[in-house]
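**Q** fold the following.
(one chain, ligands or ions: 1)
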Amino acid sequence: MVGEFVGRTSAPGKTILIGEHAVVYGKPAIAVPVTQLLAQVDVFRAPAGSGMRILSLDLGCTIDTEYSQREYSQQLSILSKTTHPSEMPSDPLPYVVYQTLQYLGLDHPPDVILQIHSDVPLGRGLGSSAAVATALVRATCLVSGHSLPPEEISHIVFQTEILQHGTPSGIDNTVIAYEQPIFYSKGRPLERLHLHRPLHLCIGDTGIPASTRATVAAVRQNWERDPAKSEGYFNEIGQIVTEARLALEIGQMSRLGQLLTANHHLLQQLQVSSPELDRLVVAALQAGALGAKLSGGGGGGIMLALVNPGIMEQVQRALKAAGASQTWSFEIS
Ligand code: PMV
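**A** Predicted coordinates:
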């Protein structure tokens, strides 16, 4: 039974503007939060001794995980001995809560129900897993009377990203925890970006489920086979991203558009595009977008187009006509 409402926490979705895949190899990338899509967690008190329950109502799947204190301690002891991602429990939602409780130095789960609602579509490169995990970390802090800075939230969420995605660069958890456009390089201090003017992005969904884990692994295989060739592409992407940063900071939208499209061509060379993504990119450009590219892991999933707001509907129509299963338009500032 749901008890007293304690509060609500949230976290936005995200999109990778430019630099995916090369970011895994230390090159910079730019990501922006998508605040129009939110993962939210409502926190309710539960009867004393009932432990913690995580309910997921609309994640596109149903997760109803009930943990007693005993199960919790067992999980916790397993976790504390965990040394390798493959040994970790497979359910990332309780896992992120455990990680947070451990991080806060708490021995027992509070008696609460954490009810998740998320508008961030699953498996679409829009940061669903990191958004839900971030909202859960924030909810766990809320019920424990603690607060954590974005850097620490990002660190905890990164552990679940490893669990789900294999060898993530850390860009998703970072942009979502900071809720700001970021210029991100693995292992380097975070740089927050200030956009000279708002970005109008149109996102087209191929409707084809994509596995970032699989495309990241495929890029790694090609890199192992021919490091010089892959590194040539990574370097070119890195240079494009640095130029894109400047274009964003001085508001040169048409240059930014060209750089996005150039990045798409390099992602094609890395073999992470697909005929469906290419078709949507061409359709957006033909409809007048300033630039277009796949976004995220590729192999399916989504593409994005930089669009002057006056032709947003035209671009959305063109994407639908070219086979997009759905489109979204966002203003990022
Ligand atoms: O599929 P997404 O949106 O989570 O993006 C993956 C981005 C990659 O660069 C391909 C992988 C990573 O961890 O950065």
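**Q** and this protein, which of its residues are near the ligand?
**A** Residues of the chain lying close to the ligand (Cβ under 6 Å from any ligand atom) are 16, 20-21, 23-24, 125, 168-169, 171-172, 212, 216, 296-297. Using the backbone N, CA and C atoms, a C-beta is placed for each residue, glycine as well.
**Q** what about residue 269, how many neighbours?
**A** 16 (other Cβ atoms under 10 Å).
**Q** how much space between it and residue 128?
**A** For residue 269, the distance to residue 128 equals 28 Å [Cβ to Cβ, to the nearest Å].
**Q** next one: residue 276
**A** According to Cβ to Cβ, residue 276 stands 20 Å off from residue 128.
**Q** where do the strands sit along the stretch 101-250 of the chain?
**A** For the stretch 101-250 of the chain, the strands defined by DSSP state E, counting those that start in this stretch occupy 112-118, 182-184, 191-192, 199-205.
**Q** can you pull the contacts of residue 211?
**A** Residues near residue 211 by Cβ atoms under 8 Å, 6 or more residues apart in numbering: 297, 299.
**Q** same deal with residue 185?
**A** The contact partners of residue 185, by Cβ under 8 Å, 6+ apart, come to 23, 26-29.
**Q** phi, psi for it please.
**A** With angles defined as degrees, to the nearest 10, residue 185 sits at phi -130, psi 130.
**Q** cool, and the one 10 residues further on?
**A** When quoted as degrees, to the nearest 10, the phi and psi of residue 195 stand at phi -80, psi 130.
**Q** likewise residue 262?
**A** Dihedral angles (degrees, to the nearest 10) for residue 262: phi -60, psi -40.
**Q** gap between it and the ligand?
**A** 17 Å (Cβ to the nearest ligand atom, to the nearest Å).
**Q** same check, this time on residue 46
**A** 33 Å.
**Q** okay, now that residue: neighbour count?
**A** 19.
**Q** show me the contacts for it.
**A** Counting by Cβ under 8 Å, 6+ apart, residue 46 touches 3, 52-53, 111-113.
**Q** ditto for residue 161
**A** Listed by Cβ under 8 Å, 6+ apart, the contact set of residue 161 reads 129-130, 133, 168, 170, 172-173.
**Q** please parse this protein into its domains.
**A** Domain assignment for the chain by automatic domain parsing gives 5-184, 195-332.
**Q** with only the CA atoms kept, save stretch 315-333 in PDB.
**A** Only the C-alpha atoms of stretch 315-333 are listed here, as PDB (Å, rounded to 0.1, in the frame of the first residue of the first chain):
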ATOM      1  CA  VAL A 315      11.800  18.600 -41.700                       C
ATOM      2  CA  GLN A 316       9.600  16.500 -39.400                       C
ATOM      3  CA  ARG A 317       7.300  15.700 -42.300                       C
ATOM      4  CA  ALA A 318      10.200  14.800 -44.500                       C
ATOM      5  CA  LEU A 319      11.600  12.500 -41.800                       C
ATOM      6  CA  LYS A 320       8.200  10.800 -41.500                       C
ATOM      7  CA  ALA A 321       7.900  10.400 -45.300                       C
ATOM      8  CA  ALA A 322      11.400   8.800 -45.300                       C
ATOM      9  CA  GLY A 323      10.300   6.200 -42.700                       C
ATOM     10  CA  ALA A 324      10.900   7.800 -39.300                       C
ATOM     11  CA  SER A 325       8.600   6.000 -36.800                       C
ATOM     12  CA  GLN A 326       8.500   9.100 -34.700                       C
ATOM     13  CA  THR A 327      10.100  12.500 -34.500                       C
ATOM     14  CA  TRP A 328      10.700  15.000 -31.700                       C
ATOM     15  CA  SER A 329      11.600  18.600 -31.800                       C
ATOM     16  CA  PHE A 330      13.600  20.300 -29.000                       C
ATOM     17  CA  GLU A 331      15.000  23.700 -28.200                       C
ATOM     18  CA  ILE A 332      18.200  23.500 -26.300                       C
ATOM     19  CA  SER A 333      19.600  26.500 -24.600                       C
END
